[in-house]
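In: show me how the following folds:
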Amino acid sequence: MVMDVLESALNLKCCVRDTHCKRLEVLAGSKVMILQELNEPFLNMAVSKAATLLGAYDVNITDNLVWEQDYVGRIFSYMADAIFVATMTHMCVQRFAEQSTVPVLCMRSRTHASIQALATIMSIIVSI
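Out: Here you go, the predicted structure:
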């Protein structure tokens, strides 16, 4: 799974060399949802801008999320084509992803920063 994501990032970066301010059709016609425990405006802006430039037409941001119920992943899956999650507890993201029927990406947790890792990899590719 991780290698698939990395290969996808590599292919995107290699196929489209100049992506600055260009709208691509990678997520054409997709609804993207951002779920977070605390409102983080800078992170919201970065992820929603990236999703829009990849072709998503709707970005919904939900904050003050409570992770008490495991069925939440299944419910939010009906409302989006991809879900980005920011939480301090990585196990919440794992439980959420297990119940979800759409791709779930951890934006940031106490132990993981998946989006930062992908951004770093894509930045390194540019400099090579």
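In: every contact and neighbour count from this point should use C-alpha atoms.
Out: OK.
In: residue ranges with poor pLDDT in this protein?
Out: 1-2, 5, 13, 16-21, 69-71, 112-128 (pLDDT under 70).
In: in it, which spans are helices?
Out: Shown for the chain, the helices assigned by DSSP state H span residues 2-15, 41-53, 72-77, 90-99, 114-127.
In: any chance of these in TSV with mean neighbour count and distance to residue 24 as columns?
Out: Listed next are the helices of the chain as TSV, based on neighbours: other Cα atoms under 10 Å; distance: least, Cα to Cα, whole Å:
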stretch	mean neighbour count	distance to residue 24
helix 2-15	12	10
helix 41-53	16	6
helix 72-77	18	24
helix 90-99	18	26
helix 114-127	13	16
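In: with distance to residue 30 added, can I get those in a markdown table?
Out: Shown next, in a markdown table, are the helices of the chain (distance: least, Cα to Cα, whole Å):
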| stretch | distance to residue 30 |
| --- | --- |
| helix 2-15 | 17 |
| helix 41-53 | 9 |
| helix 72-77 | 12 |
| helix 90-99 | 18 |
| helix 114-127 | 19 |
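In: so which of the ones you listed is nearest residue 84?
Out: helix 41-53 (8.4 Å; Cα to Cα).
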